[in-house]
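> got a structure for you, letters missing:
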């Protein structure tokens, strides 16, 4: 499904399907022998929609013909589960640390199927604002309500496209820009054009009082490397061809086709330039810190990202 200005999607389409893919990763990690995270709701979302392209990276039963042609593929797919787990743990810890420090309003941009408003132990008096397109939020809320799940905080959904005037919608929902806030930008930036990327941080800046915090999954060095992008595109096409022969009912995602491959300013530098004290951790370093490093001899399929945490002075 090609991207276009003002496009929207069902949860099983386009960018919505990527939210299910991340949920599949969280489910796989939660159900593993030694899980780094615990997301009991990820499987609930997957059960609600059934199998689809979102199941690819986290399936355990690859056809023999595919493994024979790509013997490292199972290990690479496990690395993607580990990346998802480490990313989740990073943002979980960020929000809990902010809440314990007395920051009582949190904003999850492009909330997708993030279930932190339900599964984290938020202190009393915490308000969590979830921003995303209405179809995505409606699917999440109705699915969890159908399983008797209730938020563990004062959760407020804000149905808005982040390319539109979301600050106005956030204020109307009760957000107080004069109070400290905690922001997450997770799994979002590649799906925004460069101009919208810049505007996103300008708007966060305008809504963040001193002492506010932000955590970002950001583009790292080499993200736009044309050789790497071409190699990954070629690999995806090869895998799609193998799967089409071995298991025609299974789909391989082409997530890269949903990205805006445009140059943009380094997030850590932007925040530092605008009065934030930022700490930047490369993805490989983050994963190693959680005990999920990349084994020697295995091609690293994880995104070349940086994890940024910052406090506004």
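Good, I have the coordinates. Note that the structure is a prediction, hence the values are computed from the model and not measured.

> Pull out the buried positions in whatever helix or strand residue 65 lives in.
Using DSSP states H and E, the element containing residue 65 is helix 64-69. If you call a residue buried by 16 or more other C-beta atoms under 10 Å, then helix 64-69 has these buried ones: residue 66. (C-beta placed from N, C-alpha, C; glycine too.)

> Stretch 118-131 too?
118, 119, 120, 122, 126, 127, 128, 129, 130, 131.

> Looking at the residues you listed, which is nearest residue 157?
Nearest to residue 157 out of the buried residues of stretch 118-131 is residue 130 (C-beta to C-beta; 5.1 Å).

> Can you tell me which helices and strands the host helix or strand of that closest one packs against?
Here residue 130, judged by DSSP H and E, is contained in strand 127-132. Secondary-structure packing of strand 127-132 (3 or more C-beta pairs under 8 Å, 6 or more residues apart in numbering; DSSP states H and E): strand 105-109, helix 116-119, strand 154-159, helix 166-172.

> neighbouring strands for the helix or strand following the last one, and are they parallel or not?
As assigned by DSSP H and E, the chain's next helix or strand after helix 166-172 is strand 182-185. Applying DSSP bridges, strand 182-185 is found paired with strand 105-109 (parallel), strand 213-219 (parallel).

> which residues make contact with strand 182-185 from outside it?
Here strand 182-185 makes contact (C-beta atoms under 8 Å, 6 or more residues apart in numbering) with 91, 94-95, 98-99, 103, 105-110, 200, 204, 208, 212-218.

> please redo it, this time with the cut-off set to 7 Å
91, 94-95, 98, 103, 106-109, 204, 212-217 (C-beta atoms under 7 Å, 6 or more residues apart in numbering).

> ditto for stretch 56-73
Contacts for stretch 56-73 (C-beta under 7 Å, 6+ apart): 21, 24-25, 28, 74, 77, 80-81, 239, 242-243, 246-247, 251-253, 298-299.

> Excluding chain neighbours, give the residue nearest to residue 20 in space.
Nearest non-adjacent residue to residue 20, counting by C-beta to C-beta, 6 or more residues apart in numbering: residue 54, 3.6 Å away.

> how near is that neighbour to residue 112?
Note on residue 54: its distance to residue 112, by C-beta to C-beta, to the nearest Å, is 12 Å.

> Residue 129 now?
Distance, residue 129 to residue 112, using C-beta to C-beta: 14 Å.

> same question, residue 14
From residue 14 over to residue 112 the distance is 12 Å, taken as C-beta to C-beta.

> When the two are compared, which one has more neighbours?
Comparing residue 14 with residue 112 by other C-beta atoms under 10 Å, the one with more neighbours is residue 112, at 25 against 17.
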